[in-house]
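Colleague: Provided below are the primary sequence and the corresponding predicted coordinates.
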Amino acid sequence: MWLLVRWLTSPGYHDGHLALILSYAVVWLPLLAATIVACYVTGTRSLGQDLGLRVTWLDALFGLGIGLLARAAASVIEIAFYGRMTGLGVTFGDVIYDGWWVFGAVLAPIFFAPFIEEVFFRGLVLRTALRISSRSMTRAVAMSISVLASAVLFAALHLTEVTSPTAAAAIGSSTLIFGIASGVLAAITGRTGGSIIAHVTFNGSLVLAALLA
């Protein structure tokens, strides 16, 4: 799939719309497949019970705060590594404000990606690691290990397209910080709703800043 995306974006053949969809599909489909298999094959087939897919007003409040604080931390990291706030964003050629732009710049990063990634990393990975580690460790230790494991994997996912050591350090540390904060919220509440809102806020604030710049 990665080779297909690279071919579609090569000078000899370029279909930006198809490449955009596939660039998300190669990430989202495996995460969704693993989550569905875990929930409906080895779980109880209840999204709320297996993945903690619930949200309360308190979750929303904490999620909003964590998302904004994590974005502020990411901005500080960008300044430390680049001397300015870069947004760590990716553009797809000339901007054409159509449905494809809405999908690539708004829907995918602000809504779809946060939901899919949080359900997988904080819903499946964290809860599975917590359940396994709790068998032989104290609750506090098991929770710490689970949060860190999900955060490290989350950060690693965002390093797949990094092209320089500086970018790897900046993006890796930013996503790791967010992953830890989001994981702590999910582990304490037992729900992924707050983490999803935190991720929506984290990504959405970046998109909003770019649009207003």
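Modeller: It's in.
Colleague: Show me where this structure has its helices.
Modeller: 2-8, 16-40, 47-51, 57-82, 99-102, 113-118, 126-133, 139-157, 165-189, 193-212 (DSSP state H).
Colleague: Let me see the contact set for the residue most central in space within the chain.
Modeller: Nearest to the mean C-alpha position of the chain, by CA atoms, centre = their mean, lies E117 at 4.6 Å. E117 is in contact with L31, F154, L157, H199, counting by CB atoms under 8 Å, 6 or more residues apart in numbering. C-beta here means a position set from N, CA and C on the backbone, and glycine is covered the same way.
Colleague: Now flag whichever of the residues you listed is closest to A74.
Modeller: H199 (12.5 Å; CB to CB).
Colleague: Can you tell me, leaving aside adjacent residues, what's nearest to that closest one?
Modeller: P114 (3.4 Å; CB to CB, 6 or more residues apart in numbering).
Colleague: quick one: pLDDT of the one you found?
Modeller: At P114, the pLDDT value in this model is 98.
Colleague: ditto for T160
Modeller: For T160, pLDDT reads 88.
Colleague: Equivalent analysis for A151, please.
Modeller: Looking at A151, its pLDDT stands at 99.
Colleague: Could you do the one 5 residues further on as well?
Modeller: Among the per-residue scores, A156 shows a pLDDT of 97.
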